[in-house]
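Student: Sequence plus predicted model, see below.
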Amino acid sequence: MDDVMPGSDDLETAKNLHRELIDILSSGKMSLHKWCSNTAELAVNGESYPFSNPEETKTLGVVWKSKTDCFCFKVASEEFGVTKRLVLSTIARVFDPLGILGPMVTKAKIFLEKLWLLNLKWDDLLPAKEADEWQQFSSALQNVNDIEVDRCILLPKPDLIEIYGFVDAIEAAYGTAVYCKSRSRSGEVSIRLIASKSRVSPIKRLPISKLELCSAVLLAKLVTRVNSALKLDISNTFLWSDSMIVLCWLQKEQCYLKTFVVNRVSGIQKLTNVDQWRHVSSHDNPADLISRGVDPDRLSESSLWWSGPEFLTHDSYPERDIPSTVIRNDFSNELTNSNYSDSKCFSVSSDGVNNFANGLIDIKLVTELTSEAFVATLKRFFSRRGKCSKLFSDNTTNFVGSNQELGKLHGMVKNPDGVLSDYLSNEDIDWKFLPPRAPNFGGLWEAGVKSFKHHLKRVVGNSKLTFEEFLTVTTQIEGILNCSFDY
């Protein structure tokens, strides 16, 4: 058997629950071992139930004060002979299944991880610096005994119930906090902390953005469990994060995300709706306390932790800012790309042509690596830059194929393009290829290719662009390279 802690809004329903509980136990030849109530009419009913302290009782491991109807904590600590075993023992004594003391427990977890990294044995005394840090924490731990949390989280007969979740992460840890807002018909508003969860970051550190995503997964699971356990008519659920990267990941198509991100984003989307996620500033984020950790003596005084940010008491919440200006000609930053659901996909190759006379670079895009596509590229180049008597290029398969096609070009050109056919027949083009696997022979244009790749990788990165967007980028890079011949 285990403890049962039901409740009701009126005395008559509570009496019925009491009678039903006794009848259920009697049908199994069992008797009620403990009974305690915050109402005198239920506390005095003829039965005799032993309590060591009638004002305090433990239910499900949590200390409950029946007279004030609140939960409290009883934590004892030892201050001498500080070892890793003692630290872990003290942390384990803080039984907090709901995470009410989450910020304090997080700080203790971070400290314990630090001890593991020092490779200390269980009974080795802590170094002086760590021992002093633990002594300060242990001394402040006694303030936890003065913290009392109301058991009831709702106003009487509320007409609005909303759930709020917050996430945050730093390099050392990440955590979540869940709040419940209730509003009475008279307009009175109450906001109470329901639960929290925290995790210490793995020893192999992850980027902050990925830790923020992990905290979002933790919140999605916690909110789902809270909504299921409360069994209330919840009007809305809002989830808040101060990471714009995570919010963008949640709204992005999964095909554009990497495996680590996709696995967690899909888990979040299964448990929550994307429309529930919103942005909150860091100073209004109570989860910032649980990720960073708070000393026990400061935790009891933090209104942000116990009641959430002040804007929750209003009917309007912070909105996401929309940039009012557009930055142009900034080639060092990332490009904003649009998603097209039905756009045709094809590989694009960039052919670079280098002019020996003045060192200029001409970049053309082709949609396929075939001889036909490259011949068409040469036509456009000759039309804009003029004819040349010699062409130098790598010994690449598609280039060699293009050289063979040039000899047949006259037969391919019909009467409508007779001027061009006559011109090509009069101007004999000498195409020279480098030896196979000898790029050093083309050092002049290979330097230009290197410069082009340098800019392209930093501008595009992992973005997927349409043909028009990629054409714009390559043209801009061409302009940059031609502004300076030193590449």
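Tutor: Nice, I can see it.

Student: By mean pLDDT, flag the weakest helix or strand of the protein.
Tutor: The weakest-scoring helix or strand in the chain, judged by mean pLDDT, DSSP states H and E, is helix 409-412 (a mean of 40).

Student: Show me where this structure dips below the pLDDT cut-off.
Tutor: Under the criterion pLDDT under 70, the flagged ranges of the chain are 1-2, 43-54, 79-80, 318-359, 368-374, 393-429, 431-434, 436-442, 484-487.

Student: List the residues that contact the residue nearest the centre of it.
Tutor: Central residue of the chain (CA atoms, centre = their mean): Leu213, 2.3 Å from the mean position. Neighbour list for Leu213: Ser243, Val246, Trp249, Val261, Arg264, Val265 [criterion: CB atoms under 8 Å, 6 or more residues apart in numbering]. Every C-beta, even on glycine, is put in place using the N, C-alpha and C of the backbone.

Student: Of those, which belong to helices?
Tutor: Residues of the contacts of Leu213 located in helices (DSSP state H): Val246, Trp249, Val261, Arg264, Val265.

Student: Which among these count as buried?
Tutor: Buried members of the ones in helices among the contacts of Leu213, counted by 16 or more other CB atoms under 10 Å: Val246, Trp249, Val261, Arg264, Val265.

Student: Would you mind putting those into TSV with distance to Gln142 alongside?
Tutor: Listed next are those as TSV, based on distance: CB to CB, whole Å:
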residue	distance to Gln142
Val246	38
Trp249	43
Val261	43
Arg264	39
Val265	43
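
Student: returning to what we had before: my hunch is that the residue nearest to the centre of the chain is in a helix, does that hold up?
Tutor: Yes: with DSSP: H, G, I helix; E, B strand; the rest coil as the criterion, Leu213 is part of a helix.

Student: Report the separation between it and Asp168.
Tutor: Distance of Leu213 to Asp168, computed by CB to CB, to the nearest Å: 12 Å.

Student: Gln476 now?
Tutor: According to CB to CB, Gln476 stands 38 Å off from Asp168.

Student: Residue ranges of each domain in this structure, please.
Tutor: For the chain, the TED database gives the domain ranges 1-53, 55-151, 153-313, 371-484.

Student: Can I get the ones you listed in CSV including distance to Leu360?
Tutor: As requested, the domains of the chain are exported to CSV (distance: least, CB to CB, whole Å):
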stretch, distance to Leu360
domain 1-53, 81
domain 55-151, 57
domain 153-313, 36
domain 371-484, 5
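
Student: Just name the most buried of those domains.
Tutor: Highest mean neighbour count of the domains of the chain: domain 153-313, a mean of 18 (counted as mean count of other CB atoms under 10 Å).

Student: got the end-to-end distance for that domain?
Tutor: Using CA to CA, to the nearest Å, the end-to-end distance of domain 153-313 comes to 15 Å.

Student: How about Asp168, nearest residue that isn't a chain neighbour?
Tutor: Excluding the flanking residues, the one nearest Asp168 by CB to CB, 6 or more residues apart in numbering is Ala287, at 3.8 Å.
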